[in-house]
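S.K.: Fold the following for me, if possible:
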Amino acid sequence: MTPDLSTLKPQRPSLYRLAADGHSLDFFFTHCPACQGLSFPANAPGCMHCGHPTDAAMQVVRPGGGTLLEYVTLHVALVPGMQAPSIAGDIRIAEQVVEEGVIAVDDESRLQPGMALRAVAVPSASAGTYGCQFVPAQEAMR
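M.R.: Predicted structure coming up:
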């Protein structure tokens with residue numbers, strides 16, 4: 001049985017929230033009033049493009065996901081709680097914004113640079129929270 005994710009809290013509430021579909025995630029960005037660029041995370045002290053303070057910036061909520069740029073299988077856990085092996089990749093989540101993320105596929109042969117990914121909520125081992133992982137966009141629709 002799939003847990004009701006709406007009863008859980010995000011592990012990183014300043015980065016994402018549960019989307020309306022109850023499975024995928026929305027990301028929080030700021031829209032810089034000086035250069036018009038999007039920055040992530042939204043709680044950064046300045047625009048990642050021009051450095052303008054973000055205290056006057058408007059927060060923007062966008063569907064979490066992006067384009068896979070590159071990926072690698074990690075055979076050693078890089079942080080506590082990370083499963084090994086796991087697949088991590090660089091994902092363009094907005095124009096000129098690239099973040100690293102864990103990609104929830106069992107075999108990297110299913111991945112290719114340029115493919116669309118979607119961020120989804122994954123219940124975490126710590127009770128009451130969910131984390132973020134990426135899946136191929138077509139799988140997020142299931």
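
S.K.: any idea how far the residue nearest to residue 12 when sequence neighbours are not counted is from residue 38?
M.R.: In space, and not counting its chain neighbours, residue 12 is closest to residue 132: 7.1 Å by Cβ to Cβ, 6 or more residues apart in numbering. Every C-beta, even on glycine, is put in place using the N, C-alpha and C of the backbone. To residue 38, residue 132 is 18 Å away according to Cβ to Cβ, to the nearest Å.

S.K.: just the strands in this protein please.
M.R.: 9-10, 16-18, 25-31, 38-39, 58-63, 65-74, 86-94, 97-103, 116-123, 129-136 (DSSP state E).

S.K.: For the closest residue to residue 3 other than its chain neighbours, the count of nearby residues, please.
M.R.: Closest residue in space to residue 3, ignoring its immediate chain neighbours: residue 123 at 5.3 Å, by Cβ to Cβ, 6+ apart. Residue 123: 15 surrounding residues under other Cβ atoms under 10 Å.

S.K.: got it, and residue 110?
M.R.: Residues near residue 110, counting by other Cβ under 10 Å, number 12.

S.K.: Run through the residues that contact the residue nearest in space to the middle of the chain.
M.R.: The residue lying closest to the centre of the chain (Cα atoms, centre = their mean) is residue 119, at 5.1 Å. By Cβ atoms under 8 Å, 6 or more residues apart in numbering, residue 119 lies in contact with 16, 24, 25, 27, 63, 64, 65, 101, 132, 133, 134.

S.K.: can you check residue 14 too?
M.R.: 28, 41, 42, 43.

S.K.: and if we set it to 10 Å?
M.R.: Taking Cβ atoms under 10 Å, 6 or more residues apart in numbering, we find residue 14 in contact with 28, 41, 42, 43, 44.

S.K.: Remind me what the worst-scoring helix or strand of the chain on mean pLDDT packs against, helices and strands.
M.R.: Every helix and strand in the chain was compared by mean pLDDT, DSSP states H and E; the lowest is helix 137-140, with a mean of 80. Helices and strands touching helix 137-140, by 3 or more Cβ pairs under 10 Å, 6 or more residues apart in numbering; DSSP states H and E, are strand 65-74, strand 116-123.
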